[in-house]
Each structure stands twice: as C-alpha cells, then as structure tokens.
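# here's a sequence, model it:
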Amino acid sequence: MINSRPKIGLALGGGAAKGYAHIGILKVLEKEGIPIDMIAGTSIGSVVGALYASGISISVIEKLAYNIQRDLWIDLVIPRRGFIEGKRVEEMMKLLTKNKSFDELEIPLAITATDLIEGEEYIFNKGNVAKAVRASISIPGIFNPVIEGKKVLVDGGVLNNVPVDVVKQMGADYVIAVDLSSKVSVKVRSIYDILNRTFEVMGREILKYKMQTPDVLIRPNLEKINPSRFNQAEECIEEGIRATLEVLPKIRELGRKVKREKIQE
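Residues are numbered from 1 along each chain as shown. Model prediction:
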C-alpha cells in the first residue's frame, strides 16, 4: 500500500505592497515544518506563490523584497487601457522563475485572474507562469489588461481575493489562507491609492459571501501599510510573522493531524 498523507494547500490573497507579509508567513511555516503541497495565489499572492513554487528559497525571496527597486517592475505608458504596460513585470518574473511553465514548478500552483468580457474568474494552471502573474496583478485602470484569445484579463482580486475555493479544487484536504485586507486604510493621496483602496473595500465585501472557510486563517494587521508604497517590506514581513505566530497552535494541530492521518492509513 502506498503511504500517503492528506494535502495542505496555501491560499495567498491580494493586497499590493501588503503582500510582503506572505514572506513572513512562509518563513514561519517552513520553520514549523508544515508541508505546502499546493498554492493558489491572487495578485501579489500570485507573485510570492510563483517564486516559492518555482523553487526559490524564502530567504532569497526576502532579499528580493528588500533589494529590488520599484522602478525595475514599472513601465509607464501613455494611458489607453492603463498607466503601466506590465511587460516589465512579466520579464522580471520570467527571469526569476527561469521562464517556467506550470508543469515545471516544484509545487503545484494556480493563479487567479478576472475575464472582463465574460465577467468570470479565470484560473491559470498551465502555460507560462510569468504571463499568468502579469494578468493576476493587472489592477484595472492602472495596468494594461492581458489579452488571452478573446479574453481580457485583469486582477484576480476583482472576484476572488483569497482563493480558498481554488486551492480546494486543486485537491487540498486542509487549507491555510492569508487575508491581507484591512478595515482602516492610510491616507489616500493618489489615483493608485484610490484604486487600491476601492479594491480592498470591494474585496472585503465579496469575501463575506464568497470565501469558503479555511482550516487556518491568517490575518496580518496591515492597517498602517500603504498598499501602493513598496518600501515597507520589513514591517510587512514582521507583521506576517507575528500574525502567523498568533495562530500557531492551530497550525501545529493541523500538522499533527496530517501526520496522524498518514499513520492511520
């Protein structure tokens, strides 16, 4: 009889610069020896999820967060469909993930986007990972959408900001989910702030009705973090660690449960 165990899935939510908190969360999960068998990511969650699933160590991802300049990711254009072209993000992700396709990843990954034509969620689980990330982070009005055949794809957070249901569909028996939304936001100073805050409010309301209950929910307190400012990596990572430690008893119990069920088989 093949010795198997229940699978743990990780649902990484969207939140722009707040997504640095995902790094702190992964650091704690690794330290605790919690196996991550599959990942579903939305928006910034797709960025961190893609890097981790491609085999980049969490320590290297943390260094990238501290050292990559925002200008390396941003390519401004004359507005037509968005202020940011998005090709630079895609090229950077191709470089970091070694231009892998989904079937070449070390951990199974799904990335969410939103099809504006059909008004439906679109799940990437095959093809080029970098292109999927570009679609998932394409905030409408800020980034140009990604055209995929007849589909016009934008940020996955429009419809599903914490993809618990997606990682369950992948086959996860247990789910650890990360919700980066905040009830209070910092001052709104720019159009990017306005759109980010709009997404945050909208996403939080959608979550009330859509999000399936995960086995463990991690909610970092990121109320003081401006989602459009990418110079607060340290604060976000530390808060990710703190929030994970807060629910550590539940995480450890999940780890024990997985081991027990494996033994019983």
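
# drop to CA atoms for contacts and neighbour counts, all remaining ones
Will do.

# all strands for the stretch 101-250 of the chain, in order.
All strands of the stretch 101-250 of the chain, identified by DSSP state E, counting those that start in this stretch, fall at 109-115, 120-124, 141-143, 146-148, 151-155, 174-178, 216-218.

# residues in contact with the first one?
The list of residues contacting strand 109-115 from outside it, by C-alpha atoms under 8 Å, 6 or more residues apart in numbering, reads 38-43, 46, 49-50, 53, 102, 120-125, 132-133, 135-136, 151-160, 163, 166-167, 170.

# returning to that earlier point: export the strands of the stretch 101-250 of the chain to CSV and tack on mean neighbour count and mean pLDDT?
Formatted as CSV, the strands of the stretch 101-250 of the chain follow (neighbours: other C-alpha atoms under 10 Å; pLDDT from 0 to 100):
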stretch, mean neighbour count, mean pLDDT
strand 109-115, 28, 98
strand 120-124, 18, 97
strand 141-143, 21, 82
strand 146-148, 15, 92
strand 151-155, 24, 95
strand 174-178, 25, 98
strand 216-218, 19, 97
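
# ok, which of those comes nearest Ala11?
strand 174-178 (4.5 Å; C-alpha to C-alpha).

# direction included, what does that closest one pair up with?
Taking DSSP bridges as the criterion, strand 174-178 sits next to strand 8-12 (parallel), strand 216-218 (parallel) in its sheet.

# Glu121 contacts Gly157, correct?
No: judged on C-alpha atoms under 8 Å, Glu121 makes no contact with Gly157 at a distance of 9.5 Å.

# so where's the stretch 1-150 of the chain uncertain?
For the stretch 1-150 of the chain, the stretches flagged by pLDDT under 70 are 1-3, 69-86.

# all helices of it, in order?
Listed in chain order, the helices of the stretch 1-150 of the chain (DSSP state H, counting those that start in this stretch) span 21-31, 44-53, 58-67, 87-96, 129-136.

# quick one: the longest one to strand 174-178, angle?
Calculated by axes from the mean of the first three to the mean of the last three C-alpha atoms, to 10 degrees, helix 21-31 forms an angle of 140 degrees with strand 174-178.

# flag every buried residue along helix 21-31.
By 16 or more other C-alpha atoms under 10 Å, the buried positions in helix 21-31 come out as Ala21, His22, Ile23, Gly24, Ile25, Leu26, Lys27, Val28, Leu29.

# returning to that earlier point: tabulate the strands paired with strand 174-178 (JSON lines), appending distance to Leu64.
Converted to JSON lines, the strands paired with strand 174-178 look like this (distance: least, C-alpha to C-alpha, whole Å):
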{"stretch": "strand 8-12", "distance to Leu64": "18"}
{"stretch": "strand 216-218", "distance to Leu64": "23"}
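
# quick one: which of these is nearest Arg256?
Closest to Arg256 of the strands paired with strand 174-178, according to C-alpha to C-alpha: strand 8-12, at 12.0 Å.

# and the residue nearest in space to the middle of the chain, how far from Ile34?
Geometric centre of the chain, nearest residue: Gly45, 0.9 Å, by C-alpha atoms, centre = their mean. For Gly45, the distance to Ile34 equals 19 Å [C-alpha to C-alpha, to the nearest Å].

# next, count neighbours for Leu245.
16 (other C-alpha atoms under 10 Å).

# do Glu261 as well
By other C-alpha under 10 Å, 12 other residues sit near Glu261.

# which one is it nearest to, not counting chain neighbours?
Spatially, and ignoring its direct neighbours in sequence, Glu261 is nearest to Arg5 (6.5 Å; C-alpha to C-alpha, 6 or more residues apart in numbering).

# what's the burial count for that neighbour?
16.

# that one reaches Lys259, doesn't it?
Yes: using C-alpha under 8 Å, Arg5 is in contact with Lys259, at 7.2 Å.

# hmm, the residue nearest to the centre of the chain is touching His22, no?
Yes: applying C-alpha under 8 Å as the test, Gly45 and His22 come out as touching, 7.4 Å apart.
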